[in-house]
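In: Model the structure of this input:
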Amino acid sequence: SDCDEINSVKIALMANLSHYGSDNLAEDNKQVNDLLTAKLERYKSQERVLNALKHDEKASTSYEHSQEIESLKHTLSEYLKEKESFEEKITILKDDLQKEELRNIDRELALEKEVKE
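Out: Alright, predicted model coming up:
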């Protein structure tokens, strides 16, 4: 019957929405941010150590140390760009999810109206 079909559509819709829920996206975003923040902190710590060594008379004359610092700065910059890219993608996914949720609500309302007629 039409009511059974509507209930099936509602169940599928709710399962779909819960599968792609904002909580999942927020959790993914949090995990990515936590990972990148941890990497960022590790590289900042390494940079501080290398900068401290650079000020040491022996280490400041070492070309190798300055190259390593530059390499770490470059790596840090790349991670920051990657983090920004992830954040942009998550924002796009959240917007897409919200649009899909609105379309699904519109479909559900149309089905309910159709059943009433």
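In: Excluding sequence neighbours, find me the nearest residue to Gln46.
Out: What sits nearest to Gln46 in space, not counting adjacent residues and going by C-beta to C-beta, 6 or more residues apart in numbering, is Leu72, at 5.6 Å. In short, each C-beta sits where N, CA and C put it, glycine included.
In: so the one you found makes contact with Val49?
Out: No. Using C-beta atoms under 8 Å, Leu72 is not in contact with Val49, being 9.9 Å away.
In: So for those two, which residue has more residues nearby?
Out: Between Leu72 and Val49, counted using other C-beta atoms under 10 Å, the more crowded position is Leu72 (18 against 12).
In: In three-state terms, how would the more buried one be classified?
Out: helix (DSSP: H, G, I helix; E, B strand; the rest coil).
In: Quick check: it vs Leu102, distance?
Out: Leu72 sits 45 Å away from Leu102, going by C-beta to C-beta, to the nearest Å.
In: try Glu108
Out: The value you get for Glu108 to Leu102, if C-beta to C-beta is used, is 11 Å.
In: Pull up the overlap in contacts between those two.
Out: Common neighbours of Glu108 and Leu102, using C-beta atoms under 8 Å, 6 or more residues apart in numbering, do not exist here.
In: Which of those two has more residues huddled nearby?
Out: Between Glu108 and Leu102, counting by other C-beta under 10 Å, Glu108 is the more crowded of the two (15 against 10).
In: For the more buried one, give me the backbone phi and psi.
Out: phi -60, psi -40 (degrees, to the nearest 10).
In: Ser66 too?
Out: According to degrees, to the nearest 10, Ser66 has phi -70, psi -40.
In: what's the least confident helix or strand in the protein, going by average pLDDT?
Out: When each helix and strand of the chain is scored by mean pLDDT, DSSP states H and E, helix 57-60 comes last, with a mean of 58.
In: Kindly state the pLDDT recorded for Leu17?
Out: Reported pLDDT at Leu17 in the predicted model: 58.
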